[in-house]
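> predicted model, plus sequence, below.
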Amino acid sequence: MAARQFRQFKLDEGQGGWFRESRPHHDAYLKGQQDARRTSTAIMPYRPPVIGRPALPPPRPPAPTAAPAGSDLPPLKEGQSYQIVMVHEGGYTQLFRKTRDPKEAITLAKMGDLIDKQTGDKCRYEIIPARSIDEAREVIRNRGKSDFLVTGETYDNRHYLKAFGLKWDYNAKGYRGKLSPTQVEEIKAKAGLEVETSNEYTYEEQRESRISRAEDRAEKYEGYADNARERSEEHLEKADKIASTIPFGQPILVGHHSEAHARADAARIENNMRKGVEEANKADSYKARAEGVVTQASRVKGETERRDDQYRAAMKERLKPGDRVESFYGVGTVEKVNAKSARVVYDRGFSHTEDLYFLKPSSAPGNPEFLKKREEKLAKLKPGARVTYQLAGRTDKATVIKVARNNVRIKFDSGQEFDISKDNVEPD
């Protein structure tokens with residue numbers, strides 16, 4: 001790697017020698033260029049003045065103007081926001097900002113263009129309504145493309161077709177997706193493949209395709225389970241048949257002419273019992289897999305998050321301050337209910353803000369003496385009060401400076417200040 005070159009300047013007479021730009025100045029200049037590309041405000045990196053040259057003030061760019069009231073941006077759907085995306089020359093996309101205000105979106109896009117003009121970056125800014133940056137990238141990637149269905153010898157070319165972003169449609173027995181005219185001609189030139197126009201491969205159709213394939217797989221697993229169940233019953237019947245010829249409690253007579261036959265019977269009984277249990281477990285496994293593949297394929301995108309939000313909403317309506325709840329921290333009493341969480345005072349002697357999803361009502365009796373002592377303790381925590389703080393067996397004295405909702409700011413006698421939970425200090 002070549003050494004970094006620094007500029008040299010001739011100093012005024014009387015100062016002697018040459019001046020070499022210092023490494024810290026050069027590093028600061030490079031860092032200023034990088035920060036200017038990332039920052040949301042258009043600030044030109046300021047280079048320190050060089051001795052022997054007049055210092056010029058850094059140029060101030062004009063402030064971005066507000067967006068017009070009547071913007072032509074499309075309205076947002078549920079869960080969407082305006083994604084301001086940086087599209088570089090090579091097609092690489094990067095999220096710049098996101099907002100739900102159309103005026104702010106236009107202002108941010110103009111601001112990004114202004115920054116690129118000053119930093120020399122060659123990219124454009126686009127405003128795309130989407131739920132995430134990945135969805136916005138998909139919108140950009142699919143521009144100028146139409147929907148097609150590829151059939152024929154698809155299995156041998158499955159990796160080739162997946163490279164174009166196509167997805168397998170189980171019902172249509174082909175690959176569907178968006179292709180550009182150039183890509184269509186390239187696939188048509190491939191031997192054994194046929195391309196025809198199609199409709200958009202929607203999420204509902206993809207889900208139906210997954211369910212159809214899962215149902216066929218479930219039918220296959222159910223057949224495996226039935227066969228394993230039959231084999232299990234056959235092995236168990238053989239073991240019972242052999243055991244029925246031996247009197248209950250009959251030992252193996254060592255040295256008797258029947259010893260070899262008795263040991264062989266015992267081995268056959270053990271083998272058939274073991275194989276019968278193994279086949280029964282295999283049948284249960286195939287049965288569970290048959291149910292699981294259909295359940296997994298039938299899931300809807302965002303179903304888990306919606307179910308969790310429904311549980312949180314139900315708990316928010318049900319809980320109120322003073323109710324008893326239980327979580328993995330133990331049993332406690334609700335102190336305050338928030339939008340998606342609740343402040344719980346646990347019987348173990350501490351409080352914690354817990355997500356409503358992890359709380360469930362408890363019928364365990366409360367500890368009124370503990371709650372009363374805690375209320376008296378919180379009442380004593382006022383600015384100026386002396387408290388004791390214990391940590392890892394060490395005890396320190398401190399003075400309360402500020403009292404917040406859950407914490408107190410204390411100042412130790414050594415002069416240090418910290419924000420400590422109210423449960424970790426004891427009034428003197």
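Received it, and whenever you're ready, just let me know what you need. Numbers count the residues shown, from 1 in each chain.

> now the strands for the stretch 301-428 of the chain?
Taking DSSP state E, counting those that start in this stretch as the criterion, the stretch 301-428 of the chain contains strands spanning 324-327, 330-337, 341-346, 351-355, 360-361, 386-391, 394-403, 407-412, 417-421, 425-427.

> winner for burial among the ones you listed?
Across these, averaging neighbours per residue (mean count of other Cβ atoms under 10 Å) puts strand 341-346 on top, at a mean of 22. Any C-beta I mention is one placed from the backbone N, CA and C, and that applies to glycine too.

> show me what it is in contact with.
With Cβ atoms under 8 Å, 6 or more residues apart in numbering as the test, strand 341-346 has contacts from 315, 319, 325, 327, 329-337, 351-356, 359, 371, 374, 406.

> nearest the middle, which residue of this structure would you pick?
Centroid-nearest residue in the chain, with Cα atoms, centre = their mean: E305, separated by 11.7 Å.

> how near is that one to L161?
32 Å (Cβ to Cβ, to the nearest Å).

> also L114?
Taking Cβ to Cβ, one finds L114 at 43 Å from L161.

> more crowded one of the two?
Just comparing L114 and L161: by other Cβ atoms under 10 Å the higher neighbour count belongs to L161, 20 against 16.

> a helix runs through the more buried one, doesn't it?
Yes - counting by DSSP: H, G, I helix; E, B strand; the rest coil, L161 is found in a helix.

> of the strands of the stretch 301-428 of the chain, which is nearest V184?
strand 351-355 (49.5 Å; Cβ to Cβ).

> show residues contacting that closest one.
Contact with strand 351-355 is made by 312, 327, 329, 332, 335, 338, 340-346, 406, 421-423, as judged by Cβ under 8 Å, 6+ apart.

> now with 10 Å?
Residues outside strand 351-355 that contact it (Cβ atoms under 10 Å, 6 or more residues apart in numbering): 308, 312, 315, 325, 327-329, 332-336, 338, 340-346, 374, 406, 421-423.

> now do that strand and strand 330-337, the angle between them.
Strand 351-355 and strand 330-337 meet at an angle of 80 degrees, taking axes from the mean of the first three to the mean of the last three Cα atoms, to 10 degrees as the criterion.

> can I get strand 351-355 in CSV? Just the C-alpha atoms.
The C-alpha coordinates for strand 351-355 follow below in CSV (Å, rounded to 0.1, in the frame of the first residue of the first chain):
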residue,chain,number,x,y,z
SER,A,351,-39.6,-3.3,40.7
HIS,A,352,-39.3,-3.8,37.0
THR,A,353,-41.1,-2.6,33.8
GLU,A,354,-42.3,-5.7,32.1
ASP,A,355,-43.8,-6.3,28.6
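
> what sits against I401?
Applying Cβ under 10 Å, 6+ apart, the residues contacting I401 are 383-384, 408-411, 417, 419.

> quick check, nearest of these to Y82?
D419 (36.9 Å).

> does that closest one touch K402 like I think?
Yes - using Cβ atoms under 10 Å, D419 is in contact with K402, at 8.7 Å.

> overlap in contacts of these two?
The contact sets of D419 and K402 overlap at 408-410 (Cβ under 10 Å, 6+ apart).

> between those, which is nearest S232?
Distances from S232 to those, taken by Cβ to Cβ, are shortest for V408, at 66.4 Å.

> for N424, see how far away the closest one is.
V408 sits 9 Å away from N424, going by Cβ to Cβ.

> cool, S198 as well?
64 Å.

> and for L161?
Taken as Cβ to Cβ, the span from L161 to N424 is 61 Å.

> would you mark the buried spots in the host helix or strand of V139?
Assessed by DSSP states H and E, V139 sits inside helix 133-141. By neighbour count on 16 or more other Cβ atoms under 10 Å, the buried set for helix 133-141 is 133, 136-137.

> so which of those is the closest to P102?
A136 (15.6 Å).

> and the gap between the closest one and V403?
45 Å.

> go on, K117?
With distances taken as Cβ to Cβ, K117 is found 51 Å from V403.

> K282 too?
The gap separating K282 from V403 is 64 Å, by Cβ to Cβ.

> sorry, back to before: shared neighbours, V408 and N424?
Counting by Cβ under 10 Å, 6+ apart, the shared contacts of V408 and N424 are 387, 389.

> low-confidence stretches in the stretch 301-428 of the chain?
364-371, 391-393 (pLDDT under 70).

> I should have written the chain there, sorry.
Within the chain, the segments meeting pLDDT under 70 span 1-72, 364-371, 391-393.

> output the longest helix belonging to it.
For the chain, the longest helix by residue count, based on DSSP state H, is helix 203-244.

> may I see the buried residues of the next helix or strand after it?
Moving toward the C-terminus from helix 203-244, the next helix or strand (DSSP H and E) is helix 259-297. For helix 259-297, a neighbour-count test (16+ other Cβ under 10 Å) marks 262, 265, 269, 272-273, 275-276, 279-280, 282-283, 286-287, 289-290, 293-294, 297 as buried.

> who does helix 259-297 touch, helix- and strand-wise?
Counting contacts by 3 or more Cβ pairs under 10 Å, 6 or more residues apart in numbering; DSSP states H and E, helix 259-297 packs against helix 203-244.

> elements contacting the helix it packs on?
Secondary-structure packing of helix 203-244 (3+ Cβ pairs under 10 Å, 6+ apart): strand 167-169, strand 174-179, helix 259-297.

> I'd like those as JSON lines, with distance to T202 appended.
Formatted as JSON lines, the helices and strands packed on helix 203-244 follow (distance: least, Cβ to Cβ, whole Å):
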{"stretch": "strand 167-169", "distance to T202": "11"}
{"stretch": "strand 174-179", "distance to T202": "10"}
{"stretch": "helix 259-297", "distance to T202": "16"}
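
> what residues are up against D226?
Here D226 is in contact with 283, 286-287 (criterion: Cβ under 10 Å, 6+ apart).

> separation between it and G292?
As judged by Cβ to Cβ, D226 and G292 stand 17 Å apart.

> likewise A225?
13 Å.

> and G276, by the same measure?
Distance from G276 to G292, counting by Cβ to Cβ: 25 Å.

> do T197 as well
Between T197 and G292 the computed distance is 37 Å (Cβ to Cβ).

> before we move on, what about L381?
For L381, the distance to G292 equals 53 Å [Cβ to Cβ].
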